[in-house]
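Undergrad: attaching a predicted model along with its sequence, questions to come.
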Amino acid sequence: MLEKLVTWFVFSVVLALVPLAATFLFQASRPAANVDLAKLLAEGELLLIAASLCAAATADLFTSSGSRWRIGKVLAGGATVVILLFSAIYYASVATSRADHVALEALIVYRTSLVLFGSAVLASGACAFLSKA
Amino acid sequence: MNVSDIAAVGSAIASLVAIAAAGWVAASKRRVHGTGRQRFTGATLDAQGISFRLERLSTELDDARVQVKLLQDEIDANCALQPAETGARSSTAG
């Protein structure tokens, strides 16, 4: 069980964050760099990662063998799908606004992205736990 | 409330639901199967029981060996007697 959770955390969560971390590092290594994590995350990529985490965890949960604890699995899977939808819709909103050159409050997008990503990690972790239950 | 607030609050509630479901399943599993320590203690007791039974079977096997040895000695003694009796009978007949 712990092995499954650690594998999920390393290969789903940490590795999914590598592109963002690399971008941050490249920005920071530029001469006269004006690095701002909030600005970087306000682009909405964290929302995409959250959505993909939720999708993978839900697929893992619903294709897992064993018919026990169905109510718990349905609850966790449903909640994860809800987070997936929120992330996808909010990313679509952010991306559309950017495409239309509509000014967005970067701090609000940053905070909402963090909340959605945190929720996605928690819900996906619950799904990863339940897929082995 | 704007879109970001709704998304943040909704996702937070959904994650709480998912965590609660996982916690409920974990608690139910613990209630049904016992904790890891309880399972370990149960397995240790099982192993001790098996060890005790093996020891008892080993003692019974030793007793059986002794009985077999006694029977074998008795058979050997009978076999040693029989040729003498047979020889005596044949000399009488002759």
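TA: Now that the structure is in, tell me what you want to look at. Residues are numbered from 1 along each chain as shown, chains lettered A, B, ... in the order given.
Undergrad: which parts of chain B sit against chain A?
TA: B:3-8, B:10-12, B:14-15, B:17-22, B:24-26, B:28-29 (C-beta under 8 Å from any C-beta of the partner chain). C-beta coordinates here come from the backbone N, C-alpha and C atoms, glycine included.
Undergrad: show me the contact partners of the helix or strand where A:Ala16 lies.
TA: Element membership of A:Ala16 [criterion: DSSP states H and E] is helix A:15-29. Helix A:15-29 has contacts (C-beta atoms under 8 Å, 6 or more residues apart in numbering or on different chains) with A:33, A:35, A:37, A:40-41, A:45-46, A:49, A:52-53.
Undergrad: quick one, which of those residues has the minimum pLDDT?
TA: Lowest pLDDT among the contacts of helix A:15-29: A:Ala33, with 70.
Undergrad: how many other residues sit next to that one?
TA: Per other C-beta atoms under 10 Å in any protein chain shown, the neighbour tally for A:Ala33 reads 10.
Undergrad: helix, strand, or coil at it?
TA: coil (DSSP: H, G, I helix; E, B strand; the rest coil).
Undergrad: and it, backbone torsions?
TA: phi -70, psi 140 (degrees, to the nearest 10).
Undergrad: show me which residues of the lengthiest helix in chain A are buried.
TA: Using DSSP state H, we find that the single longest helix of chain A is helix A:70-99. Across helix A:70-99, burial judged by 16 or more other C-beta atoms under 10 Å in any protein chain shown covers A:72-73, A:75-77, A:79-88, A:90-91, A:93-94.
Undergrad: what does stretch B:9-28 give?
TA: For stretch B:9-28, using 16+ other C-beta under 10 Å, the buried residues are B:10-12, B:14-15, B:17-19, B:21-22, B:25-26.
Undergrad: of these, closest to A:Arg98?
TA: Checking the buried residues of stretch B:9-28 against A:Arg98 with C-beta to C-beta, the nearest one is B:Ser11 at 21.1 Å.
Undergrad: convert the C-alpha atoms of the helix or strand of chain A with the lowest mean pLDDT to PDB, please.
TA: Ranked by mean pLDDT, DSSP states H and E, the helix or strand of chain A with the weakest confidence is helix A:37-41, at a mean of 83. Taking Å, rounded to 0.1, in the frame of the first residue of the first chain, the C-alpha atoms of helix A:37-41 are listed here in PDB:
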ATOM      1  CA  LEU A  37       6.700  32.000  -9.200                       C
ATOM      2  CA  ALA A  38       3.300  33.500  -9.100                       C
ATOM      3  CA  LYS A  39       3.700  34.900 -12.600                       C
ATOM      4  CA  LEU A  40       4.900  31.500 -13.800                       C
ATOM      5  CA  LEU A  41       2.000  29.600 -12.300                       C
END
